[in-house]
Structure formats: C-alpha cells, structure tokens
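A.B. asks: What follows is a predicted structure for the sequence shown.
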Amino acid sequence: MKRLILIFLLLFPLVLSGCASLFSTAEPVTITFSCPAPDQAYYESLLPEFKNEHPNITVTITPFTDNPSREADVMILPWMYTIGLDESRLNALPLDAYLSKEKDFTSDAFYPGALDAFRLAGKQFAVPTGIDPWVMYYNKNLFDTYGVPYPQPGWTWSDFLAYAEALRDPEEKTWGYTHESAQYIDAMIFVYQHGGKLVDASGNPTFTDPLTIEAIQWYIDLFREFEVAPTRSQALNDFGATGAPALRGIAMGKIGMFMMALSARGGKDFFPTEWTFPWGVIEPPRDSFPFTLAFFEGAAISKDSTNPDAAWEWIAFISRKPHNRLVPARLALAESPAYARLVGEDIARVGREAVNSAMFVSGKTVTELGQSIDLFFETVDALVNRDLDVSEELQKAQQQAENR
C-alpha cells in the first residue's frame, strides 16, 4: 500500500502538468469600451457578471457624449453612422466570422431590419444593441389638475385633440401639446399615420399627395385654429428666450403632451435637469395607421483593436442583456421579464408597441428621403409660425423639390 502511495505521489506532478496543458488559462487582456455617457452606470453594473464568465478579460469603459472613441476596442455606433456608410468611416472590423460561430445572431433573433442597418456590401459591421422609438409623454400633474383621463393604448387623433384642448389654459400659460425642436419629426410621424408620405417608391417628393396635405393641415390647425400648441413667438412669450423655449415649457411643467424618443424619459439626458413633474408615456396616437419613427445603436469592433476576440466576447455578452435606455434589439429580450423589471412594465410595453409600428431611420432612409426631408421641415416651420395657406406652401415645396 505504501508503495502505491509513493508511486502516486511521484506521478501526481506529471498528471497536474498534463491537465494544465489541456486546460490552460487564457492570457489576461484589457479592452476599452466606448459607450454613450447615459449608459455608463448600466454597463458598469454588468462587469462583475462578465468578469465571472471571462476572468481573463478586463473591460475599461470610456463614455462619450457626441461620438465614440476611435481608439476603443469596442464602440457603440449611433444610427447616424449608417449615413453614407463606408468601411473607412466606420473604422470597424467585419463581424461575419464571429457571427457564423454563434447560434443566436440570425436575423430572426432581432427586430426586422435591425441587423441590416449595419450591413455593407454583404458584411456585418455592428450588432444592434437597442432601438429608440419616438413616443408620447404626458404631464400627469396637468392631466390631474384639469380632470383629463390619461391616454390609453389604442388612442386616436380625436382623443389627442380632445385632451390637448382640455389642458389648454391661457391664464396659467399651459398648453396641450408642443413639438420639441426646430425639426418637425412629429409632423412627419403624423403624415405617415394618416397614410401620407414624403417621397414615393422612386424617391420623388409627394408633398401634394392629398393625404399628406390633409395631415399637415390638421397639424397646423393644432397651432393656428385650435391653439393647443404654441408657435415660436408664443413659446418665447410664455417661457422666455433662454434655451429652446419649447423645452423650457416642458421643464416648467406647462406642457400637457409632447413627443420625444423613449431614451429622453425623465429629461436628465436632454434637459438641464430631470423633470420635476410626474410623467407618463404612451405610444403616439393613431389615425389611419399606427406609426412612429425609431433610431438605433449598434456595437462594433475597431479594426485597429489588438484583442478582437476578447472584444467580440464583450459584444456577444451585452447583446444578450436587456438595454436600460433603449428597447432591446433582440425580440426575445424585448419581450422578457428581465427587460420589464429593468425599466418598468409600462415603459417596456410602450417601447415594444412603438417599435412594432416604427420605420427605422437609417442611412438608407435618409438617402431615400434625400433633400425632401429638409424642405419638409422648412415648410412646416413656415406654416406653423406664419399665416400661410397649407396647400399653396406644399405646392411650392413640391416644385422646389422637383427642381433640385
């Protein structure tokens, strides 16, 4: 027996060395991750779990406010990076070799069109991480003060107008609705809800389409006839000239309803301070069709990364986690209890409903709209702030678009 123990002790180091060669520990590496500043805390909360699964990989997070760092190993690309998409501008590594080894990165695992947004010449340059649809926010204080019921799923233009009229109080300088910026994205949403459009299938402008004219007339009436939304001069008069007056009105708690991206909720990332009023969120009201616009983000590996394999492990990991600010690009995650727990049941439901009726704004969308989108915004702005005829101005815009 003693002899067997001695033989075992002599052979044990050899057994260990053999196991070490079979199960060697990967070399430690550090990668940098450039993400939007509002998401820094969320991604930091994921680091312990990732480190537990990949003990050899350390992730250093570098937040950005405008553009991702081109020196990072992994970067979150905002949707505008798909405008004029080319490899040199992206500075990203094609991911197809990594995708081919995974079972859950097929197109049907994501919302339709999400993967395609970052595909160029048959190559996949980023994995979509989240989708940011435009939704309708409402000030619960104002709704409660004026005895107006909160908007409910399936609400219509008629409901919207009735609420806006009930919330308008000239003496208190409260308004039922406002658009959020000089870009009339909300007007575009209303046009498509009514069945109108800005361009046809060939990219030709359609400002004189009867449904487009009807939708714009209804939108302008919110400002000019029903007077439930402030023009620029009215907003300046009521809310002051510092900053964007419409945003000031919202922050002051004087606006009943307004459309913005889902990521804007709470105000802290788009306003000087967080909203101080209780707020609710609902998908935009529908007319002939439910419709909204949605933006998106994707994770890419820098082509200059010295640790692309480790970078991919991080991308694969965060792709399988619900997003705190955006609707997860993965269908299963968007429907998951984990996402609802992270953001709340109401926000999760509204986000899903909005994405289901959304047109993704990508480089392809911008190319299809061409110069028509800028001309549309200019025309709507003139109609809102000056006493002009809708049909005549849209006819002028049509002629201008055709002559460009």
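C.D. replies: Yep, that arrived.
A.B. asks: Mind giving me the packing neighbours of the host helix or strand of F377?
C.D. replies: Using DSSP states H and E, F377 sits within helix 372-385. Packed against helix 372-385, as judged by 3 or more C-beta pairs under 8 Å, 6 or more residues apart in numbering; DSSP states H and E, are the following elements: helix 185-193, helix 210-224, helix 232-239, helix 390-403. C-beta: built from backbone N, CA, C; applies to glycine.
A.B. asks: now the shortest one and helix 372-385, what's the angle there?
C.D. replies: Helix 232-239 and helix 372-385 meet at an angle of 60 degrees, taking axes from the mean of the first three to the mean of the last three C-alpha atoms, to 10 degrees as the criterion.
A.B. asks: Dump helix 232-239 to PDB, keeping only the CA atoms.
C.D. replies: The C-alpha trace of helix 232-239 is given here as PDB (Å, rounded to 0.1, in the frame of the first residue of the first chain):
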ATOM      1  CA  ARG A 232     -42.400  80.100 -31.700                       C
ATOM      2  CA  SER A 233     -43.400  83.600 -30.700                       C
ATOM      3  CA  GLN A 234     -46.000  82.300 -28.200                       C
ATOM      4  CA  ALA A 235     -43.400  80.000 -26.600                       C
ATOM      5  CA  LEU A 236     -40.900  82.800 -26.400                       C
ATOM      6  CA  ASN A 237     -43.500  85.000 -24.700                       C
ATOM      7  CA  ASP A 238     -44.700  82.300 -22.200                       C
ATOM      8  CA  PHE A 239     -41.400  80.500 -21.400                       C
END
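A.B. asks: before we move on, the earlier item: so for Y111, which of the helices and strands packed on helix 372-385 sits nearest?
C.D. replies: Within the helices and strands packed on helix 372-385, the stretch nearest Y111 is helix 185-193; the backing value is 18.2 Å (C-beta to C-beta).
A.B. asks: quick one: the helices in the stretch 201-350 of the chain?
C.D. replies: 210-224, 232-239, 245-251, 308-319, 331-334, 337-343, 345-356 (DSSP state H, counting those that start in this stretch).
A.B. asks: Other residues contacting the second one?
C.D. replies: Counting by C-beta atoms under 8 Å, 6 or more residues apart in numbering, helix 232-239 makes contact with K173, W175, T178, P230, P245, A246, R248, G249, M252, K254, V384, N385, all of which sit outside it.
A.B. asks: 10 Å instead?
C.D. replies: Residues from elsewhere that reach helix 232-239 (C-beta atoms under 10 Å, 6 or more residues apart in numbering): 170, 172-175, 178-179, 182, 223, 227, 229-231, 241, 244-252, 254-255, 381, 384-386.
A.B. asks: again with stretch 196-206
C.D. replies: The set of residues external to stretch 196-206 that reach it, using C-beta under 10 Å, 6+ apart, is 188, 190-192, 207, 209-216, 287-288, 367-373, 375-376, 394, 397-402, 404.
A.B. asks: ok, 7 Å please
C.D. replies: 188, 191, 209, 211-212, 215, 368-370, 372-373, 376, 398, 401-402 (C-beta atoms under 7 Å, 6 or more residues apart in numbering).
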